[in-house]
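In: Next one to model:
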Amino acid sequence: MGLLNSSNATERIIQESVPGKQVTIAHVIASPTPDIYERLGIDDKGAIGILTLSPYETAIIAADVEIGFLDRFTGSVVITGDVQGVETALKDVTEKLCDTLGFTTAVITRT
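Out: As a prediction, this is how the structure comes out:
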């Protein structure tokens, strides 16, 4: 019998999408550092709003605002603009998804 050598163990991360209608993250970055824009490949317009949604196709519905980035395959939406505009957009999107489509929504946070 051989022993399992823990130094050769491989870590694996499994990511699953659970069926449901959810806004899992709604966050405003009020004063992002300049390198964030470069890494995201978007123009510096002030604040950044981040949404993650499930089902992923909801990103298309939520993107009825000025978007910086949209990925319908992961349910990610990045909204850009001034702080008040981004906060209002996140509020409007989460309220509309909750009230009209019956989504469970996350509290909008801000840094």
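In: Can you mark which positions in the helix or strand bottoming out on mean pLDDT in the chain are buried?
Out: The weakest-scoring helix or strand in the chain, judged by mean pLDDT, DSSP states H and E, is helix 58-62 (a mean of 75). Buried residues in helix 58-62, defined by neighbour count with 16 or more other CB atoms under 10 Å: 58-59, 62. The C-beta positions use only the backbone N, C-alpha and C, and glycine is treated the same way.
In: distance of the closest residue in space to residue 53 that isn't next to it in sequence from residue 94?
Out: Computed as CB to CB, 6 or more residues apart in numbering, the closest residue to residue 53 that is not its neighbour in sequence is residue 75, at 4.1 Å. Distance, residue 75 to residue 94, by CB to CB, to the nearest Å: 14 Å.
In: Looking at those two, which one has more neighbours?
Out: residue 75 (23 against 20; other CB atoms under 10 Å).
In: thought that one was touching residue 59?
Out: Yes: with contact defined as CB atoms under 8 Å, residue 75 counts as touching residue 59 (5.1 Å).
In: Quick check: neighbours shared by these two?
Out: residue 53 (CB atoms under 8 Å, 6 or more residues apart in numbering).
In: For the longest helix belonging to the chain, which outside residues touch it?
Out: Longest helix in the chain by number of residues, with DSSP state H as the criterion: helix 83-101. Outside helix 83-101, the residues that touch it by CB under 8 Å, 6+ apart are 21, 23, 26-28, 30, 46-49, 51, 53, 58, 61-62, 64-66, 77, 79-81, 103-106, 108, 110.
In: Now the buried members of these.
Out: Neighbour counting with 16+ other CB under 10 Å marks 23, 26-28, 47-49, 51, 53, 58, 62, 65, 77, 79-81, 103, 105-106, 108 as buried within the contacts of helix 83-101.
In: coming back round to it: quick one: name whatever helix or strand follows the longest helix of the chain.
Out: strand 104-105 (DSSP states H and E).
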